[in-house]
Structure formats: C-alpha cells, structure tokens
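Trainee: The sequence and its predicted three-dimensional model are supplied below.
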Amino acid sequence: MTEIYPSLAQCAVVAAALKILLFPAYKSTDFEVHRNWLAITNSLPLWEWYYEKTSEWTLDYPPFFAYFEWAMSQVAKLVDPAMLKVYNLEYDSWQTVYFQRFTVIITELLLVYALQLFVDSSHGVSKRAAQAAAISILLSPGLLIIDHIHFQYNGCMYGILIGSLVMARKKSTMLWSGLLFAALLCMKHIYLYLAPAYFVFLLRAYCLSPKSIFRIQFLNCLKLGAGIAALFGTALGPFALKGQIPQIMSRLFPFSRGLCHAYWAPNVWAMYSFVDRVLIILAPRIGLSVKEGALHSGTRGLVGDTSFAVLPDVTPRVCFALTLLFQAIPLLKLFLQPTWDNFIGAVTLCGYASFLFGWHVHEKAVLLVIIPFSLIALKDRRYLGAFRPLAVSGHVSLFPLLFTPAEFPIKTVYTVFWLFLFLMAFDRLAPASSRPRFFLFDRFSTLYITVSIPLIAYCSLVHRIAFGKSYEFIPLMFTSSYSAIGVVGSWVGFLVVYFTS
Amino acid sequence: MARPSPSPHKPRRKAKQAANATSNLINVSLVESHGARAPAFPLAAFLWPARGTVSQWELLPLILMAAGLFRWAAGLWGYSGFEKPPMFGDYEAQRHWMEITTQLPVSQWYFHDLQWWGLDYPPLTAYHSWLCGKLGSLINPSWFALFSSRGSHDPTLKIFMRGTVIVSEYLIYIPAVVVFVRRYSRLSGVATWSASVALVAILMQPATILIDHVHFQYNTVMLGFVVASMSSMLAGRHLWASVFFVAALGFKQMALYYAFSVFAYLLGSSVFPRINIPHLLAIAAVTAVSFLILILPLVVGTLSDTRRGIDSRPDVDGPRPPLPLFQGLAHYLDTEAFNYPVVEQLVQMIHRIFPFARGLFEDKVANFWCALNVAIKLKKYPPELLQRGALLATLVSILPPNLVLFFRPRKDLLPLAFASTAWGFFLFSYQVHEKSVLLPLMPTTLLLAGGHGLSKNIRGWVGFANILGCWTMFPLLQRVDLAMPYTVLTLLWAYLLGLPPTSLRVYFHEGGNTWSQWLTLLIHGSFYLAMAVWHVLAHFVPPPVDKPDLWVVANVGVGAAGFSLCYLWCLARLAMLSEIFPGAWFAKKEKAKTQ
C-alpha cells in the first residue's frame, strides 16, 4: 500500500514550529515545579529527594520521573547552571525557558514514535483511519495546552502508554507491553487508574491459556512477575533500603486534598456540586435544610475540602468504591473476550470511571480517557458517535487552565481548528457499523456541540463584560458542568457500544 | 486519469469544468515522475487528503485558522523597540499615532511634536490609527493619553496592538489574497486544489508575518489594497482597481512602487486592442474623486478647526512659518485667506510623507546604492546628483516591464509586471528601507497561484526571493532579539515548500533542460551557502574593530546581488510570456525557462 499523506513526521515538524513560537507564552506554576525538580535531583543526594521542601512544589512523582529529571539536569548544567539551585525559586531566565520548553518538544518524539508503531500495526483499510487517529493525538489541543503552554511532560508519558498499548496487540510483544506499563507507573502514578485493565488483560491473555482459564502459563507468569519486580526494585529499591517508602507514599498520595480540584474537573462531582448550588436556592421552598457553614466554600474554586450545603458529603471511600465498581463492569467482558479492541475499550472505560468518580481529579486527567479512546474511535460510526461529545467537552474543559488574554485566541482557535479538522476527517473515515446506530445519541451529540459555541462566548467574553471580576466561579461552574454532561454522555454511549459490539 | 470535481458546493459549474480540463497538466508538476503519485513537497502532503472530495468551504476556514494561529503565536514575541528607550521603535510610532489622532484636533496631526515619531504616513493611516485608538481607549484610556503614554509597554496594550494588526489583516489582506488566488488560478487554468496549496504558501510567507506580526507594522493593509486592486483588474473592474489602489497609496506611500504598473496596465487596457477614451476618462475621474475623498476628512477637519480658532501649530508663536515645500507658492497665496490653512496642511502632509531632505538611503539596505556605497563612498557626491542618478536608474529599471504591460495589457502578466517594477524600485530608488522588500515579494509570491506556479522552477525562484528577503531583514530583527521567530518561520516555510536549506529536490527534475537546472542550482546554491555561512560568522565571529558593520555590509552586498537576479528573472519571464519579442528570437530561451 502506498504511503499515506501527510506523514506523522511532517506533522511533527510543523507542530514543533508552532510549539517553538509558543515559548514566550504563559506558563503555569508547573514550570517552576519542574525546574525545582531539576534542581533537587541534580544538586541533592538520592536520599534527600523526597524530603527536600525548600520550595512548596516538592517532588511528588515516582522515582523513574525523578531519574528522568536527573538525566535532563545533566544537559541543563551546560545551559544555565543557575536553574539547578534549589533555593533559586521562580527562576526563569530565557535559557531556562528555552531549555525546559525544548525538553518537552524533544521528549515528545517518543509519542511520535509510538504513534508510528500504532499506524504500522494497523493493516489494510483501517491504516488510513489509524493514521488520522495518530495525527489527531499528535496534534491534540490537550497536549498543546497542557504541555506546551501550561507546561508538563504528558507527551512523553502518553508516548510510553501508547507504545505499551500497541505492543499488547501481538502475542509476541505482550510481555513488553506489561513491562513498559510498569515502567510508566514508576514515572507517573496517575496511570494506576488504568492498571486494572492491564491486570485483567495480561492475566487472561498472557498468563492464562487462551483455551482454558484453568490452565496457567507458568513461564509467562514468571517472566512478567520477575520483570515487574525488577522494575519496581530499580525504582523503589534504593529508597526501600533507607526505609523511605512511607515518605514517598505520603508524597505520592496526598489524601488530605479536597474532592474537587481548584478548577472543577468535568466529572460526576462537578454535576453534584452544581446540583447542590442550585438546591441552595431551591431548598427553602421545598423544605430542605441548608448547612450555613458550607455556603462559602468549595465552589469558590479554592483548593481544600468541598462541603455541600444540601446534599450529603462525599468521602474518599465512596469515590473509591464507585470507581472500582464502574471499572469492574467492563473488565468482566474483557476477561471473557480478551481481544485488543476490548482491551483498549476497557482501558478507556477505566479512565472514564476514575475520571468521573475519582477523588480530587484534575481536569488534565481527561487525556487519560481521550487518548486511549482515539485509538479505537474510528472502528465504526458508533464508536465515533460516542467519541464526538468527549472530544468537544474534554478539550473545552481544559480552557480554564489558560486564563491570560494573550493565550485566549490560541486555545480557542486551535481547539476549534482541531475539532473542525478531525471531526470532519473522522466522519469520512469511520466505516458504517454493522449494528444499528442510536438515533437519539447522534442528535444529542449534535445539539451538544452546538451549545458549546454560546457557552464559550459567554464564559470568555460576555461574563467579563457583564459582571467584571465578580462571580468568577460562574463561568468555571458552567464550563465544568457543561463538560461534565458531555463526558458522562459519551461514557454512557461508549458503555453501550462496548457491551453491544 | 480524470480527477473528480474538487468541490460539489461551488455554484459555477462551467468555470470548474474549464479548470478541470487543464488540471491534469498542472498536477503533473506536483507529482514525482517515478513511482506512485505522491506530493512533491510537504505542503502538498498536508493538503493531500483534501484532493477531490473536500470542498473549499471546508478547507478555507482551516487554512485561515492555521494562518491565524501562526501569526498570533509569532506575536507573542517581542516587538521593535521593546524596552529600548529613549525612542523605542515602530511599535511606539504606531501607538503614538493612535495617541495623537485621538487626542488632538485634526489640523495638528501632521504638525505635532515631529521629533517624537511625527506622523509621516498618508491620511488613511491616520484614520486607521484614529479608529484603533478610539477602540483601545474604550478598554483602557491610559494607553493613548497624550504625552503620558509615550513608550508604554503595558503587556495588555501589546495584546491590543497585536489584535489590531491581525484584525486589519483579516479584514483587508486575507480576503483580497483569497479572492485574488481564486481568480488568478482560474484564469491560468489551475485546479482548485493546487490553488489552495498556493494560498497556504502565500499566507505563510515568512517576511510578512515577521514584519507585521512580530516586528510590528501594518504593511498588510497597504499590500491588501494592492492585491484587491490587482484582483479587480483580473475581474475587469478597472474603476474598482483605481479606488483600491488609491486606498493603498493613501495608507502607505510605499505603494508608489506599484504605481507605474497600475498606470501602465490601466492605460494599456484603454488603448489596446482599440482606443477607449471614455474608459480612460472614467478611470481618471474615479481616481481623482477617490483622492478627494481620501483627503476630505483632513480638509474638513482643518477648516472646522480654523473656524473654531484652533491653531495647527500651537507651539509656534508669532507669524506663520513659511511652507516647508514649494516656497515659490507663497508669492501667489494670501496667508490670511480662508483656504490657506488647507494648503498649508496638504503641503505639510506631502512634506512629511516624502522626505526629500533625507539621504539616499537610511540604514544598511540590500539595494543597489547601499551595495555600491561599499565600493565607492557615495557621501562625497552632492545629494542632488545622487537624487538624479537614483531617479534615472529607477526609471531605466522599471521602464521595460511597464512598456511590456502597456503594449500587452494581459491579466496573466500582472503579478510579473508588478514584481519586476517593485524590484526595480527597491533596488534603485531613493530612501529605501529594508522592510520595503515586502513590496516586491508580494507579487513575486503571488506567482505561486498562477500557471505552473507550483512547478519546481517557479517555486525555486519564488522561494529564493522570499528566503533571501527574510535573510536581509535578519539584522533588523536581531536588534530586538527576534532570531528565534525568524529561524522558525523562515525554516518552516522553506520546509513546507521543499526549498533549501531543508531540501534540494526543487533543483532536480526529470525531462527538463539539465543545463539550466544546473545553472539555477549553482546560482541559488551559492547564495544559500553564503547565507548559511554568514549566519555562522555573524553569530560566532565578532567583526573587526575598525569595521564594526562588516557583517551587515556583507548581508547588504549578497542581498542586493540576489535581488538583482530576482529582478532579472521576473523581467525575463515577463518578456517571454508576453511574447513581445518575435518568437524565433526567444525560442531558445523559452525552452530553458518553462519546465
């Protein structure tokens, strides 16, 4: 088959040009976070990495990420040694900015490579669709906003994830898929949310015989188990020797944080909070009691405990139970039919469950759903139908991350560009489904996408003109409630598609 | 293999059919001759999926959004004069004009404190500044407060100013280019898809983005009016062409670079094939009326200020100073007459717009005079002589293309004639600025939308002119630390069009005349090499103490030589395409040029 144009490399070159032009753009505190980690890993002995707290942005990623920062700091030394001083808080010389921004672009090459693997692993008619999906991930507005403006290293991390997902496609590379995922967990523990799907898939497809679940493939179990143990040993071993594991765990899992993050992630709890706010107004009329203390918290969008005025409070235990429950349901099907498509579907649904019901979910975590979903969104038109509202809501929900006027045209125009281009391209590429579509769902997604236009206009322009700086939480609440409807809607839609195909 | 009709939504089926008939021919140029059909350069690859089935109405918004994103992102970088007191730069000049036009009575605009970026552009710029200033004052009045706002580098003001550039461009330049590309490609029988590729290439032209959106100016407004004028000529609407051209002149006097070509074409089309006096008179009348409308606000404002007793020069005590130009007029004019302030105002405007008193060249510019200055110190000659020499040289250089256009007023020749005239002006005229290279580059780049526009020969030359143009502006950009956007935008464009330094494929094609291929490669290659070496030297090697400007002078020399080649290429191609010389005389050359 002939080459498909444009190639991933061509897209990567042009995208890199735009990303370099964005160097002077707004950068969030995450830039300082990563600079601080460069400084910590470079200037302190291993044993102090997880104890150092000069900066409030302490190291709270697993050790492989710390090693990754250490490796980059070896180059940073040559660029500007001043950025490697732990006490040099908020240091951002232009060399530092160039260096850190460049590292994001360069480490993202891993994503390009993984996506190329994904395209190469698809054959026949679906190759063109795979190429479109791969380009859509590469050019994702989520990655542009979070990595290249806001500042993080998600491109590289998702590159590893996609690499691992692609390797699960063939029996011969399944071991590497598991090990790569384990390594990813040692870099960024947010991927623990996807671990149940990996566990079930590798258990059924790699550790048990395809013929019978009662025949255990011991050699495979041994290889996988030893590999994972070795990886975790490399990551945590040095710290375990010094008895630092509890300290690391307290850094990685700060349960003291509130249910909703500073900006509301568009999940079930955002809708719950929204209902609660509405009930504050309605409660006196329908005879519900309002807790006075809760009136001025939570929805103001500050980090801390959210307390609800009318509805019952939510505990981490409830969140955890709901997440596990909704992860377990799709995993049952995966256990029974461990195909690659079901695996990706299950990974996506694990992402959905944890994003929708998790405790202190960050809106950036929506990539955990969008990126795996993109890999199968073009399977047929029903998948695409479920993907569409997610693509809109997931990206719109990232808008509050950038609030400076100079970046406003970038985030909106780029997102509209991406949505316009890929929803149109996907529409042409997705084959018709063998099963009937749900008429209502298509109508829902069209209506949903239409509503986004006045909503964005209100939140970004009209509100400021009408109310000035007051009631700043209203646009945030609208954005997250709107996005929550989209994410929940696409989740329900995808659950149906997943179980009926 | 017949291509499917590219756009199902387009109303004019007939025009499409005609375009499709020739589309095979054009597309061949995009395809490598060996193996499968494949895009010949990355930009074609990006639009590859849009062949055939995608309508222009789906493609155009995407193109405009992408072009806008790159412009806005480039605008995040610094601007000319950023934190460079005492005078700052072009950004301050434009902001200052918004300040004086909104804060001062009309009659004082051309007189106010001329030492601090006094207004020296024609009235349409002043009106545009007034509009922008009014809008900006709604957001924050302190941005344009008289005196106190000077040198402001409020970051929000920067966003507003960037916004005015991009909005002005999207209102004028971009629609004009879109319409022009549509008409010109259809006229030349180029397929819609190829025209879209050319449109992206034209909109991503690095020089315009760097000067307008990074360094800061509103050139695209003027260029947009010129493109609109050319586009009206293509549509046969000569009266509109005159109106648009007057608007261009009224925005920036630089549009005079094209004036001869506009004149030659409009005159030629009234004379050939048969003399049409009413048409000519109509054009003259419309032009005159447009000029009157252009200066009307200034005249009315001055009269009303005089009636209200507002002096145009409150800083001057005692008797009115003499006119800055045309002193001879003073004998015939009554300084107390009611119309004298108007005359004074207009003379002052002309005096501000055309700085006859300044030298032959201001900074180091890659034109003929500046290059010649390296060999012969021109300062020792009297300025009158130099002015005459410049005038003569300019006339000699622009006469051939305009004679061709006059005798052969053909629509398809317009961009080439405009380009050669503008190159002539750039190289030989008086008081050229390095940014003026945008003027010849615009029609040169528009060639991409014409017949064989994306072929290797034209792409190679248009690319050469553009990259050389950006390179000669590097010292200007470097002064305000804009090396990074320069590098990114120039290399990106070179990459998209498959040009050096990213690819050499544009110089190798099957079936062409190998002799001319090698010659082009040799010429272009040596220039590209010189540019690369220059960058390395300028970055790493400090110039000798006694010659601090050595690198800049080297830049000027190489630039002037390269631009002369561009001028000659445009001229030769114009002569060939116009078939103004007897066929046999040119047959040999033609073979070499069209591949």
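Mentor: Thanks, I have the structure now. Residues are numbered from 1 along each chain as shown, chains lettered A, B, ... in the order given.
Trainee: Where does the stretch 101-250 of chain A get nearest to chain B, which residue?
Mentor: Here the stretch 101-250 of chain A gets closest to chain B at one residue, A:Ala132, 8.3 Å apart by C-beta to the nearest C-beta. In short, each C-beta sits where N, CA and C put it, glycine included.
Trainee: What is the neighbour count of A:Tyr153?
Mentor: The local packing of A:Tyr153 (other C-beta atoms under 10 Å in any protein chain shown) involves 25 other residues.
Trainee: Verify the stated contact: it with A:Ile106.
Mentor: No: contact criterion C-beta atoms under 8 Å: A:Tyr153 and A:Ile106 do not qualify, at 10.6 Å.
Trainee: which SS class is the residue of the stretch 101-250 of chain A closest to chain B?
Mentor: helix (DSSP: H, G, I helix; E, B strand; the rest coil).
Trainee: Am I right that it is in contact with A:Asp427?
Mentor: No: using C-beta under 8 Å, A:Ala132 is not in contact with A:Asp427; the gap is 10.6 Å.
Trainee: between those two, who's got more neighbours?
Mentor: Relative neighbour count places A:Ala132 above the other of A:Ala132 and A:Asp427, with 22 against 12, counting by other C-beta under 10 Å.
Trainee: Contact partners for the closest residue to B:Pro206 other than its chain neighbours?
Mentor: Excluding the flanking residues, the one nearest B:Pro206 by C-beta to C-beta, 6 or more residues apart in numbering or on different chains is B:Leu489, at 4.1 Å. By C-beta atoms under 8 Å, 6 or more residues apart in numbering or on different chains, the residues touching B:Leu489 are A:17, A:21, B:70, B:74, B:206, B:209-210, B:470.
Trainee: quick one: the helices in the stretch 1-150 of chain B?
Mentor: With DSSP state H, counting those that start in this stretch applied, the stretch 1-150 of chain B shows helices at B:13-28, B:42-46, B:56-74, B:90-103, B:123-139, listed in chain order.
Trainee: got the ones you listed as a markdown table, with mean pLDDT, distance to chain A and mean neighbour count columns?
Mentor: Putting the helices of the stretch 1-150 of chain B into a markdown table (pLDDT from 0 to 100; distance: least, C-beta to the nearest C-beta, whole Å; neighbours: other C-beta atoms under 10 Å in any protein chain shown) gives the following:
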| stretch | mean pLDDT | distance to chain A | mean neighbour count |
| --- | --- | --- | --- |
| helix B:13-28 | 40 | 14 | 15 |
| helix B:42-46 | 94 | 4 | 23 |
| helix B:56-74 | 95 | 4 | 20 |
| helix B:90-103 | 94 | 15 | 24 |
| helix B:123-139 | 96 | 10 | 19 |
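Trainee: so who does the residue in the stretch 301-450 of chain A that chain B sits nearest to touch?
Mentor: Ranking the residues of the stretch 301-450 of chain A by distance to chain B (C-beta to the nearest C-beta) places A:Phe417 first, at 4.3 Å. Taking C-beta under 8 Å, 6+ apart as the definition of contact, the neighbours of A:Phe417 are B:62, B:65-66, B:69.
Trainee: tell me the SS of it?
Mentor: Each residue gets one of three states, and A:Phe417 gets helix by three-state DSSP.
Trainee: Ok, which of the helices of the stretch 1-150 of chain B comes nearest A:Gly227?
Mentor: Shortest distance between A:Gly227 and the helices of the stretch 1-150 of chain B, using C-beta to C-beta, is found for helix B:42-46: 40.2 Å.
Trainee: Give me the pLDDT value at residue 318.
Mentor: Using chain A here. With respect to pLDDT, A:Val318 has a value of 87.
Trainee: hm, I was asking about chain B
Mentor: For B:Gly318, pLDDT reads 70.
Trainee: doesn't it fall inside a helix?
Mentor: No: secondary structure of B:Gly318, determined by three-state DSSP: coil, with no helix assignment.
Trainee: distance of it from B:His351?
Mentor: 21 Å (C-beta to C-beta, to the nearest Å).
Trainee: mind listing what's buried in the helix or strand the residue nearest to B:Pro206 falls within?
Mentor: Secondary-structure assignment from DSSP states H and E places B:Leu489 in helix B:483-496. For helix B:483-496, the buried set under the neighbour-count rule, 16 or more other C-beta atoms under 10 Å in any protein chain shown, comprises B:484-496.
Trainee: again, but for stretch B:304-313
Mentor: Counting neighbours by 16+ other C-beta under 10 Å, one finds that the buried residues in stretch B:304-313 are B:305-306, B:310, B:312.
Trainee: repeat for stretch B:393-410
Mentor: Here stretch B:393-410 shows B:393-394, B:397-398, B:400-402, B:404-406, B:408-410 as buried, counting by 16+ other C-beta under 10 Å.
Trainee: Helix or strand, whichever it is, which one in chain B has the lowest mean pLDDT?
Mentor: helix B:13-28 (a mean of 40; mean pLDDT, DSSP states H and E).
Trainee: which bits of the stretch 351-500 of chain A sit near chain B?
Mentor: A:405-406, A:409-410, A:413-414, A:416-417, A:420-421, A:424-425, A:428 (C-beta under 8 Å from any C-beta of the partner chain).
Trainee: So how do I select the buried members of these in PyMOL?
Mentor: In PyMOL syntax, the buried subset of those is picked out as below (16+ other C-beta under 10 Å):
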select buried, chain A and resi 406+409+410+413+414+416+417+421+425
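Trainee: per-residue confidence at residue 297?
Mentor: Unless you meant another one, I'm taking chain A. You'll see A:Ser297 listed with a pLDDT of 51.
Trainee: Switch to chain B, please.
Mentor: Listed pLDDT for B:Pro297 reads 95.
Trainee: For it, grab the count of nearby residues.
Mentor: In terms of burial, B:Pro297 registers 15 neighbours under the definition other C-beta under 10 Å.
Trainee: Could you point out the longest helix of the chain?
Mentor: Since no chain was named, I'll use chain A. Taking DSSP state H as the assignment, the helix of chain A that covers the most residues is helix A:473-500.
Trainee: Let me rephrase: I mean chain B.
Mentor: Once chain B is assigned using DSSP H, the helix that runs over the most residues is helix B:277-307.
Trainee: Can you name the next helix or strand after that helix?
Mentor: Tracing the chain C-terminally past helix B:277-307 and defining elements by DSSP H and E, one meets helix B:340-353 next.
Trainee: and that following helix, what other elements does it pack with?
Mentor: When contacts are defined as 3 or more C-beta pairs under 8 Å, 6 or more residues apart in numbering or on different chains; DSSP states H and E, helix B:340-353 packs onto helix B:277-307.
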